[in-house]
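Undergrad: A predicted structure for the sequence below; I have some questions about it.
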Amino acid sequence: MSTVTRGGRGHSPAIAAFLSFLWPGLGQWYAGARRSGLVFALPVIVAAAVAVEEPPVEAAAPLLKEADPEFERLLAEEEEIERSTRDHHETPRFHMGDD
């Protein structure tokens, strides 16, 4: 199954669909519709370029920050409180009719 395009060459719709699956606009380009192929491909090219662009070195945040001693102390204190309450915690028992 093929269709005739302006150039007189037959193009397979299945190949055009597969090419469009690989990259938007590629199937239109293959079928001879160069302008609509470019219209479909251009936004994807721009989005890919923006996604790949690396941020400037001075704008990149460090992956690890220096530990705040006050925060570490509070965190250790909270973990100790949690550990002590877990060890001495009793499940409350509710009775019907208690207000």
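TA: Great, that's in hand.
Undergrad: immediately after the helix or strand hosting residue 49, which helix or strand?
TA: Following DSSP states H and E, one finds residue 49 within helix 34-52. Following helix 34-52 in sequence order, the next helix or strand is helix 69-87 (DSSP H and E).
Undergrad: before we move on, back to that, buried residues in the helix holding residue 49, which are they?
TA: Residues of helix 34-52 classed as buried: 37, 40-41 (neighbour count, 16 or more other Cβ atoms under 10 Å). Heads up, the C-betas are built off the backbone N, CA and C, glycines and all.
Undergrad: And those residues, which is closest to residue 47?
TA: residue 41 (10.9 Å; Cβ to Cβ).
Undergrad: Thought residue 23 was touching that closest one, still the case?
TA: Yes: counting by Cβ atoms under 8 Å, residue 41 does reach residue 23; the two are 6.6 Å apart.
Undergrad: With residue 66 as the reference, measure out to residue 75.
TA: 15 Å (Cβ to Cβ, to the nearest Å).
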